[in-house]
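Asks: Predicted structure and sequence below. I'll ask about it afterward.
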Amino acid sequence: MARRVTKAVLPVAGLGTRVLPGAKTTPKNLLNVVDRPILSYIVEEARAAGIEHFVFIVGRGQGAIEDYFDSIPEIEQALQAKGKLDILEDVRRDLPEPGQMSFIRQMAPLGLGHAVWCARHVVGDEPFAVMLPDMLMAATPPALSQAVAAYEQVGGNIVVVEPAPEGEAHKYGIVALDGQDGRLNRMVGMVEKPPPGTEPSNLFISGRYILQPDIFEILETQERGAGGEIQLTDGMANLMKTQAFHALEYEGTTYDCGDKIGLLRANVAFALARPDLADAARKAIAELL
């Protein structure tokens with residue numbers, strides 16, 4: 001029986017260059033989608049999947065992330081005194097239990113593989129999830145819940161994927177499959193940005209993983225790859241030599257919030273999905289058009 005997945009690693013140390021100048025003083029993952037920061041949705045998704053401990057890999061100048069997930073008594077007391085209990089409940093919604101969150105400095109931007117490796121002592125010897133907070137996934141059940149269900153079915157390592165836009169597979173990390181039958185299939189390889197026409201499939205890696213702790217030992221000595229960084233895909237390719245990997249084509253829609261238009265699309269889509277805002281949002285969009 002597969003061991004439960006109770007820890008998630010969230011690499012949030014990126015500079016957010018694609019959403020500058022907005023990310024100049026505000027960490028990109030604290031930029032709002034409607035009325036909540038991106039990270040609020042990611043943590044909510046993780047909790048729904050049974051995650052009990054969150055490991056944030058942060059960089060210099062990102063103390064606001066830690067502050068967001070902390071209580072601010074002055075705000076809470078003011079809301080209480082004014083009787084704004086609905087807002088108070090909303091403010092407290094993201095607060096963790098003491099000890100549920102860890103914050104680790106990456107120290108240098110050496111790539112996603114290096115960021116994951118930084119979590120090794122907190123994760124320990126157990127399977128764990130990796131969630132890329134740039135990728136906001138609207139899905140029912142939530143994307144990570146779908147991945148956990150797949151993991152409980154086949155064990156090993158799970159990589160969440162989705163179809164690349166027509167003719168654009170060469171822009172992504174693409175998985176190679178040992179046949180394709182349904183949404184969950186055994187992987188035999190990964191190719192980072194394959195030349196057009198050589199793609200082994202049209203499914204790209206989209207930002208949710210469940211990995212075995214053996215990946216840490218591989219990342220420990222892994223040489224730098226593309227961009228001079230320690231790439232997680234390289235580490236997974238090495239781990240695949242000894243362990244099973246499955247690709248899960250999840251059911252849902254992904255919004256790349258590290259991109260200006262992706263962030264705009266997420267704001268529109270999530271506003272339209274809110275019962276309390278949908279009508280007003282639809283009217284505002286119609287007026288602009």
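Replies: Perfect, thanks for sending it.

Asks: okay, CA-based contacts and neighbour counts for the rest of this
Replies: Will do.

Asks: Okay, strands next: where are they in the stretch 101-250 of the chain?
Replies: Counting by DSSP state E, counting those that start in this stretch, the stretch 101-250 of the chain has strands at residues 101-105, 128-131, 135-138, 157-163, 173-177, 184-192, 203-211, 245-249.

Asks: Can you give me the neighbour number for L110?
Replies: Other residues near L110 number 15, with proximity taken as other CA atoms under 10 Å.

Asks: ok, the nearest residue to it once chain neighbours are set aside - contacts?
Replies: Counting by CA to CA, 6 or more residues apart in numbering, E229 is the residue found nearest to L110 once chain neighbours are left out, at 5.0 Å. By CA atoms under 8 Å, 6 or more residues apart in numbering, the contact set of E229 is 110-114.

Asks: can you tell me which of those lies nearest to R274?
Replies: Using CA to CA, L112 comes nearest to R274 of the contacts of E229, at 32.8 Å.

Asks: what's near enough to touch the closest one?
Replies: By CA under 8 Å, 6+ apart, the neighbours of L112 are 11, 229-232.

Asks: out of those, who's nearest A139?
Replies: Distances from A139 to the contacts of L112, taken by CA to CA, are shortest for P11, at 21.3 Å.

Asks: if I read this right, V191 contacts K171, doesn't it?
Replies: No. Using CA atoms under 8 Å, V191 makes no contact with K171, being 10.5 Å away.

Asks: who has more neighbours, those two?
Replies: Between V191 and K171, counting by other CA under 10 Å, V191 is the more crowded of the two (20 against 15).

Asks: who does the lowest-mean-pLDDT helix or strand in the chain touch, helix- and strand-wise?
Replies: When each helix and strand of the chain is scored by mean pLDDT, DSSP states H and E, helix 85-92 comes last, with a mean of 85. Contacts defined by 3 or more CA pairs under 8 Å, 6 or more residues apart in numbering; DSSP states H and E place helix 85-92 against helix 73-81.

Asks: who touches the helix it packs on?
Replies: 85, 87-88, 91.

Asks: Mind putting these into CSV with distance to R47 and neighbour count?
Replies: Output for these, formatted as CSV (distance: CA to CA, whole Å; neighbours: other CA atoms under 10 Å):
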residue, distance to R47, neighbour count
L85, 24, 13
I87, 21, 13
L88, 20, 16
V91, 17, 18
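
Asks: Kindly indicate which of those lies nearest L30.
Replies: Distances from L30 to the contacts of helix 73-81, taken by CA to CA, are shortest for V91, at 14.3 Å.
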